[in-house]
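[1] starting from these lines, generate the structure:
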Amino acid sequence: MGKTADRAAHGVPESRDRSLYSLATWTGVAEKLKDKESMEPLITGSDLDWTSVRPPAPKYAKATGRYGVGEQLPIKLRHSIGLGDLATSIVGEAEDPRFVQGCPRIHR
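    Predicted coordinates for the structure are as follows:
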């Protein structure tokens, strides 16, 4: 618990905004972000009902229920989300969709 999981959790449109978070993310996982740049347009350009969740640094932590979700939520370098809360949020979105064809951000 408390360890940081892989830090490839930033959305493609935001990944080149030159923010401190984006610069740190590109430094750490550039190859994964390049993969996202090629695959995300395939999803967002489809006729499917999709949702692309945008968490910051995921951490190995149990669900707490203390997190925010929203399309305009800022993600900063110090933000994180426990994997338990991330999973809870994703399941909640699948059961009661609020962000169909949207890109909600989540963090605690």
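[2] got a list of what Ile43 touches?
    Applying Cβ atoms under 8 Å, 6 or more residues apart in numbering, we find Ile43 in contact with 50, 52. C-beta here means a position set from N, CA and C on the backbone, and glycine is covered the same way.
[3] and the residue nearest the centre of the chain, what are its bridge partners?
    The centroid of the chain falls nearest to Arg54 when counting by Cα atoms, centre = their mean (2.0 Å). With DSSP bridges as the criterion, Arg54 is bridged to Arg105.
[4] surely Pro56 is in contact with Pro74?
    No. Judged on Cβ atoms under 8 Å, Pro56 makes no contact with Pro74 at a distance of 9.8 Å.
[5] what about the two, which has more around it?
    Pro56 (23 against 11; other Cβ atoms under 10 Å).
[6] measure how buried the residue lying closest to the more buried one once chain neighbours are set aside is and give me the count.
    Spatially, and ignoring its direct neighbours in sequence, Pro56 is nearest to His79 (4.0 Å; Cβ to Cβ, 6 or more residues apart in numbering). For His79, the neighbour count with other Cβ under 10 Å is 18.
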